[in-house]
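**Q** with the input below, show me the fold.
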Amino acid sequence: MVKAIDPQDSMAALFGSRVRRLRTAAGLTQAELGRMTHVVSTRITQIERSSGARPTLELAHALDAALVADNLLIDLWPYVYREAFPDWARAFMAHSARAVAIRQYAAHVVPGLLQTEAYARAVLGVGRTLKNEEHLEERLAARLDRQKRLHAADRPELWVVLDEAVLRRPVGGPAVMRAQLARLLATAEEPHITVQVLPFAQGEHDALGGSLTVLVLPDGTEVSYTEGAHYGQLIEDPEEVRRFTVTYDRLRAAALPPRMSLDMIRSAMEDNHREASVPSRSDRRSLAQKQLQQSGGGRLRTSSGRIPRRRPRP
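**A** Okay, the predicted model is just below:
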């Protein structure tokens, strides 16, 4: 016997419960609803039971239209997909979805709003909070969907400061990284997006070790968000937010001007992420031995290849 789904268990369970209720009221079978929305009937079963991958936004639109739900399922969907992320990320995502301005300092990776699909897959594919492949696909779909707001009528102003480390770390491999850097160059040409690079030469700074985001909300208030590899913190206290805003302004002032920043990104794309042949372990060992011999270290070895023990002095 199939266990009943409690709509209070999760937003996915609530979404599935509403789909089942609307489908039953319309007199449709799961197979019929599947044909109307261009998915197999087992996918409808998964959604109604809140098992398997969560529905994509495209599927939520199709279900809403097929079941004449008057945008109910579309309105529920953002809360469903946020469950694919840790608790500490959800409040930030809710705020950023309605922010009129987003100011970010990225310490380690390209911000999600500017990631290519391949780069995002590589970033989201690691971490302690990742459960399985389905979970990865949910997170990836959610991230790519968030990017659509940059091209919407109510798009926010986006100002990004990238640490130079972001350009130098070949996430996903050289080919993925080249495509990602090319994406940065292209998006930086858009009038509502500004990209700067904070070079290593600037040394230490107030946000060293983590990323920082300041969001300006429609009513003019600001919130800030700090994030590390496995944690995040949303700051809403006005006094604390002001301190983080000052920190961000200092980072922006210390970074290279936008045009020089694009030159650095272009240089990283052209020079530092070409396919390279990595020498094998034996080749590296042989090279190290040659370097030792050239520096005089070869005299320490006997013909047997062993380092002789030093005799005690009389």
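
**Q** can you give me the distance of residue 39 to residue 212?
**A** Distance, residue 39 to residue 212, using CB to CB, to the nearest Å: 40 Å. Quick note: C-beta positions are derived from backbone N, CA and C, even for glycine.

**Q** and the helices in the protein?
**A** Ranges of helices in the chain, per DSSP state H, are 11-25, 30-37, 41-49, 57-66, 72-82, 87-96, 117-124, 133-146, 164-168, 174-187, 238-254, 258-271, 281-294.

**Q** quick check: bridge partners of residue 234?
**A** residue 225 (DSSP bridges).

**Q** need the contact list for it.
**A** Going by CB atoms under 8 Å, 6 or more residues apart in numbering, residue 234 touches 88, 91, 92, 95, 223, 224, 225.

**Q** okay, the second one: pLDDT?
**A** In this model, residue 91 is scored at 75, pLDDT.

**Q** mind listing what it touches?
**A** Shown in contact with residue 91 (CB under 8 Å, 6+ apart): residue 234.

**Q** avg pLDDT for stretch 16-25?
**A** Here stretch 16-25 scores 94 as its mean pLDDT.

**Q** what is the nearest of the contacts of residue 234 to residue 238?
**A** residue 223 (9.6 Å; CB to CB).

**Q** hmm, the closest one is touching residue 95, no?
**A** Yes: between residue 223 and residue 95 there is a contact under CB atoms under 8 Å: 5.6 Å.

**Q** returning to that earlier point: just send the helices of the chain back as JSON lines, with distance to residue 105 too.
**A** Listed next are the helices of the chain as JSON lines, based on distance: least, CB to CB, whole Å:
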{"stretch": "helix 11-25", "distance to residue 105": "31"}
{"stretch": "helix 30-37", "distance to residue 105": "41"}
{"stretch": "helix 41-49", "distance to residue 105": "38"}
{"stretch": "helix 57-66", "distance to residue 105": "29"}
{"stretch": "helix 72-82", "distance to residue 105": "23"}
{"stretch": "helix 87-96", "distance to residue 105": "15"}
{"stretch": "helix 117-124", "distance to residue 105": "17"}
{"stretch": "helix 133-146", "distance to residue 105": "19"}
{"stretch": "helix 164-168", "distance to residue 105": "10"}
{"stretch": "helix 174-187", "distance to residue 105": "15"}
{"stretch": "helix 238-254", "distance to residue 105": "5"}
{"stretch": "helix 258-271", "distance to residue 105": "13"}
{"stretch": "helix 281-294", "distance to residue 105": "36"}
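
**Q** closest one of the contacts of residue 234 to residue 251?
**A** Set against residue 251, the nearest of the contacts of residue 234 by CB to CB is residue 224 (12.7 Å).

**Q** list residues touching both of residue 223 and residue 95?
**A** 215, 217, 234.

**Q** where in the chain is pLDDT low?
**A** Along the chain, segments meeting pLDDT under 70 span 1-9, 82-89, 128-131, 229-231, 272-314.

**Q** circling back: neighbour count winner among residue 223 and residue 95?
**A** With neighbours defined as other CB atoms under 10 Å, residue 223 and residue 95 compare such that residue 223 has more, 22 against 19.

**Q** tell me how far the more buried one lies from residue 29.
**A** Taking CB to CB, one finds residue 223 at 46 Å from residue 29.

**Q** then residue 133?
**A** From residue 133 across to residue 29, the span is 29 Å (CB to CB).

**Q** can you check residue 45 too?
**A** Counting by CB to CB - residue 45 and residue 29 are separated by 11 Å.

**Q** what does residue 153 give?
**A** In terms of CB to CB, residue 153 sits 39 Å off from residue 29.

**Q** between those two, which is the more surrounded one?
**A** Neighbour comparison, residue 153 and residue 29: the larger count goes to residue 29, with 12 against 5 (by other CB under 10 Å).
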